[in-house]
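In: sequence-free structure coming up:
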């Protein structure tokens, strides 16, 4: 299952998709090199692959691609009075680099750092307890994500008694299922903006009634416009995240389940 998930995640990259289409075209071409129809397919796949990679490298296209995901959940001000009625803050896991030769701040990618900092700010503003999820899905299986996240928050000044770790989740649904065992608790859920549509689906399937979604880690930094720019790796990364999330939502729609049996973190 982990291998299948890794492969699925790999093919969401526009760069990998480019080479995949080119490879398919070459294989078809070599199978019948003199066939006119095969030559048309070969040229068509090459043109499509190049055009697709170029589009994904454009900020306007990648912003347009991810906009429906990130705009699904509106940004919530930290002063919003609804937070005062909540029982807890739940921070879903992202990733953590286990190499000890790096300084602590370099070991947290942007998605993880933004989720944890947002939780700290809400804790400071509303004095709410923080629940951290994430088990042993890191490269070093002896390290669990939630414990490392708790250590980081305490280093930033969050009181230890305000932090609860649930070190068993390995993906979004298992994290939610493990952390939200008390259905009657009202919860602030923090995750990346592009994931929120899927998170909301899972919360509904788990019959969680009262929650506020707090999106962070926005990749759409500007309003989608139609203009040509120089190709950018940041645009390709933005497109890749959007494609991955669309694939995950399509899997939910087709399988009609909550992926509780999935063993990979995402």
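Out: That came in fine, so what should we check first? These figures come from a predicted structure and were not determined experimentally.
In: going forward, measure contacts and count neighbours with C-alpha atoms only.
Out: Will do.
In: And the strands in this structure?
Out: 88-91, 130-133, 163-166, 187-192, 211-216 (DSSP state E).
In: closest to residue 239 out of those?
Out: strand 187-192 (14.9 Å; C-alpha to C-alpha).
In: Looking at the strands of the chain, which is nearest to residue 51?
Out: Nearest to residue 51, of all the strands of the chain, is strand 187-192, at 28.8 Å by C-alpha to C-alpha.
In: now the angle from the closest one to strand 211-216?
Out: Relative orientation of strand 187-192 versus strand 211-216 (axes from the mean of the first three to the mean of the last three C-alpha atoms, to 10 degrees): 20 degrees.
In: Look through this structure and tell me its longest helix.
Out: Longest helix in the chain by number of residues (criterion: DSSP state H): helix 233-255.
In: Residue 49: which of the strands of the chain is closest?
Out: Closest approach to residue 49 among these (C-alpha to C-alpha): strand 187-192, 29.1 Å.
In: related to what we said a few turns ago, for the longest helix of the chain, packing partners?
Out: helix 14-31, helix 36-56, helix 59-70 (3 or more C-alpha pairs under 8 Å, 6 or more residues apart in numbering; DSSP states H and E).
In: outside of the longest one, which residues touch it?
Out: Contacting residues not belonging to helix 36-56 are listed as 14-15, 17-19, 21-22, 25-26, 28-29, 32-33, 61-62, 231, 235-236, 239 [C-alpha atoms under 8 Å, 6 or more residues apart in numbering].
In: List buried residues within those residues.
Out: Applying a neighbour-count criterion of 16 or more other C-alpha atoms under 10 Å, the buried members of these are 14-15, 17-19, 21-22, 25-26, 29, 61-62, 235-236, 239.
In: So which of these sits lowest on pLDDT?
Out: Looking at the buried ones among the contacts of helix 36-56 by pLDDT, the weakest one is residue 29, with 91.
In: pLDDT value on residue 266, please?
Out: So residue 266 comes in at 43 (pLDDT).
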